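S.K.: sequence-free structure coming up:
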DNA sequence: GTAGGGTTAG
């Protein structure tokens, strides 16, 4: 009999990989043997049903149990919370107060998490109060949930206050606080907390590193990312597959593809997300051939790409403007039933139009079963790229009529359409509507389109004024666009001003110093040209990109 | 004699 118990226990514990059918078989067996009267088995079964998304059966097991342990209560509350049935989770929690059993620290942790997932700050405060009243105000399990919940809802100061109440915080509490600061945008404070933790003798684990790596959003922070990578090697955390995967995506995000690849290569069996990070990284860095190479390589193995991966592979193809592999993937999409996926279909629309096959993109768009803002943005931008501005305006109106809210990308697409068709008046109007009617802040991309539109239609002064109205430092893409407009309309005085501005706002980028020095030389102002050159080269006469030597052009 | 809290990428 004892052997059978062991077998049952392990069967019930490996619930993630078991099917619903297996759950029902075990349920029947437990009923026959009267083992369900033991709350231990009832708890296991509730968890098994919950893992297989059968919340109804889970509740039935709970409901029919005569003796309910705190484990059983917690399991059913967690089952409701994790399937986003927050009201049911909370009302069960309330019922618990009337029952003959009291919530424990795990109950509170679970309900706190539910309040957070439901963005219910008011309820979070109430539950926090109840937890303190029940004596869990300094319990590490309850408090780590509080720290995470407060910071996720944007109240990182409250999170820190909870943390401060604990005399000897454990690693989980530190991790919650660090990632709390990082995900609310205070990356430096997160780093400070991390250093403090190490100072008081805390040893980071995979979660600590994951929290910090999430804050490395662009290549300017890459050296810190590399430091964290070094730390993971030193602490032996690189064998944690999550850490490896996060390093791949961090390096990919910063376009450090050689490093991304070397980490990827060291992972034993990379999962889909890791593959996808690598492929998207190559695609974003302009290495489209490699992106496709790894997409094909993934296909040859036993892993099957999902919708997100297909969409990012299609984005790589769109950038490469190479229709061949695009057809290949479209075939794959049809064979595997991904057509109904709105992400995939929108990526197909975008891919076809960027490869020059607008009619194919339009066809995909027309037969899409579901359309969202991304699909409309794809078709609006596709039409715009092919010079069909009026059709793209029509699509915009259709989108509004459907009640969809435009976003930044919609206006990029519309302004791009105006640029391609040279529609200055429409462009101005769209730019104003974006800000006034839809309350969307103009991003550098929008200004770039406006500058190109105005500059190429002979309204250089207006473009210049628009850029000068921006607060410093002005994004270099905007200034770059303005500079090329100045150059093509032969306005050398204005070009010099803009180059000067580019140089001043990017003092560390030698490309701008070289450019300005060339401009001075072209104007015959050799002293100024030389001064600037010597400042960057430290007296050396040669510098890549420099188009002059002492007193003459090369 | 048994079990649960924090994190996670494209």
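M.R.: That came in fine, so what should we check first? Keep in mind the model is a prediction, meaning the values are calculated, not measured.
S.K.: From now on I want contacts and neighbour counts done on CA atoms only, so please keep to that.
M.R.: Will do.
S.K.: So which bits of the stretch 1-150 of chain A are right by DNA strand B?
M.R.: Taking C-alpha under 7 Å from any atom of the strand, the part of the stretch 1-150 of chain A that reaches DNA strand B is made up of A:39-41, A:43-44, A:69-72, A:74, A:104, A:106-107, A:109-110, A:113, A:140-142, A:144-145, A:148-149.
S.K.: again, only this time at 6 Å
M.R.: Counting by C-alpha under 6 Å from any atom of the strand, the residues of the stretch 1-150 of chain A close to DNA strand B are A:40, A:43, A:70-71, A:74, A:106-107, A:109-110, A:113, A:140-141, A:144-145, A:148.
S.K.: ok, now chain A?
M.R.: Proximity of chain A to DNA strand B (C-alpha under 6 Å from any atom of the strand) is limited to residues A:40, A:43, A:70-71, A:74, A:106-107, A:109-110, A:113, A:140-141, A:144-145, A:148, A:171-172, A:175-176, A:207, A:210-211, A:214, A:242, A:245-246, A:249, A:272-273, A:276-277, A:280, A:306, A:308-309.
S.K.: Tell me the pLDDT of residue A:5.
M.R.: Reported pLDDT at residue A:5 in the predicted model: 64.
S.K.: now stretch A:487-500: how far from the chain's centre is it?
M.R.: 38 Å (C-alpha atoms, centre = their mean, to the nearest Å).
S.K.: my read: residue A:215 touches residue A:181, true?
M.R.: No. Taking C-alpha atoms under 8 Å as the definition, residue A:215 is not a contact partner of residue A:181, at 9.3 Å.
S.K.: who touches stretch A:380-387?
M.R.: Outside stretch A:380-387, the residues within contact range by C-alpha atoms under 8 Å, 6 or more residues apart in numbering are A:349-350, A:353-354, A:356, A:358, A:361, A:389, A:391-393, A:395-396, A:410, A:413-414, A:416-418, A:420-421.
S.K.: contacting residues around residue A:217?
M.R.: Neighbouring residues of residue A:217 by C-alpha under 8 Å, 6+ apart: A:250, A:253-254.
S.K.: Out of those residues, grab the one that's most surrounded.
M.R.: Greatest neighbour count in these, by other C-alpha atoms under 10 Å, goes to residue A:250: 27 neighbours.
S.K.: Apart from its neighbours in sequence, what residue is nearest residue A:291?
M.R.: residue A:279 (4.7 Å; C-alpha to C-alpha, 6 or more residues apart in numbering).
S.K.: ok, back up a step: filter the contacts of stretch A:380-387 to the buried ones?
M.R.: Listed as buried from those are A:349-350, A:353-354, A:356, A:358, A:361, A:389, A:392-393, A:395-396, A:410, A:413-414, A:416-418, A:420-421; burial here means 16 or more other C-alpha atoms under 10 Å.
S.K.: Could you list the low-confidence segments of chain A?
M.R.: A:1-6, A:8-10, A:12-18, A:551, A:554 (pLDDT under 70).
S.K.: Nearest to DNA strand B: which residue in it?
M.R.: Residue nearest to DNA strand B within chain A (C-alpha to the nearest atom of the strand): residue A:172, separated by 2.6 Å.
S.K.: On the three-state scheme, that residue is what?
M.R.: Counting by DSSP: H, G, I helix; E, B strand; the rest coil, the backbone at residue A:172 sits in helix.
S.K.: Let me know the next secondary structure element after the strand or helix carrying residue A:193.
M.R.: Using DSSP states H and E, residue A:193 sits in helix A:187-199. Proceeding N to C from helix A:187-199, the next assigned helix or strand is helix A:206-213, under DSSP H and E.
S.K.: what's near enough to touch residue A:456?
M.R.: Contacts of residue A:456 (C-alpha under 8 Å, 6+ apart): residue A:485.
S.K.: Which residue is the nearest non-sequential neighbour of residue A:80?
M.R.: Nearest residue to residue A:80 in three dimensions, chain neighbours excluded: residue A:89, at 5.2 Å (C-alpha to C-alpha, 6+ apart).
S.K.: What about that neighbour, how many residues nearby?
M.R.: Per other C-alpha under 10 Å, the neighbour tally for residue A:89 reads 24.
S.K.: Quick check: it is in a strand.
M.R.: No. Counting by three-state DSSP, residue A:89 is not part of a strand but helix.
S.K.: That one against residue A:75, yeah?
M.R.: No. Counting by C-alpha under 8 Å, residue A:89 does not reach residue A:75; the two are 10.5 Å apart.
S.K.: Sitting in helices, which of the contacts of stretch A:380-387 do you find?
M.R.: A:349-350, A:353-354, A:358, A:361, A:389, A:391-393, A:395-396, A:410, A:413-414, A:416-418, A:420-421 (DSSP state H).
S.K.: List the buried residues of stretch A:118-133.
M.R.: With burial defined by 16+ other C-alpha under 10 Å, the residues of stretch A:118-133 counted as buried are A:118, A:121, A:123-124, A:127-128, A:131.
S.K.: so who does residue A:11 touch?
M.R.: Applying C-alpha under 8 Å, 6+ apart, no residues contact residue A:11.
S.K.: Actually, residue A:211.
M.R.: Neighbouring residues of residue A:211 by C-alpha under 8 Å, 6+ apart: A:175, A:178-179, A:182-183.
S.K.: make it 10 Å
M.R.: Applying C-alpha atoms under 10 Å, 6 or more residues apart in numbering to residue A:211 gives the contacts A:175-183, A:187, A:190-191, A:194, A:246.
S.K.: gap between it and residue A:264?
M.R.: 20 Å (C-alpha to C-alpha, to the nearest Å).
S.K.: What of residue A:150?
M.R.: Residue A:150 is 34 Å from residue A:264, by C-alpha to C-alpha.
S.K.: of those two, who's got more company?
M.R.: A direct count of neighbours by other C-alpha under 10 Å for residue A:150 and residue A:264 places residue A:150 higher, at 25 against 21.
S.K.: From what I see, the more buried one and residue A:159 are in contact.
M.R.: Yes. With contact defined as C-alpha atoms under 10 Å, residue A:150 reaches residue A:159; the gap is 5.2 Å.
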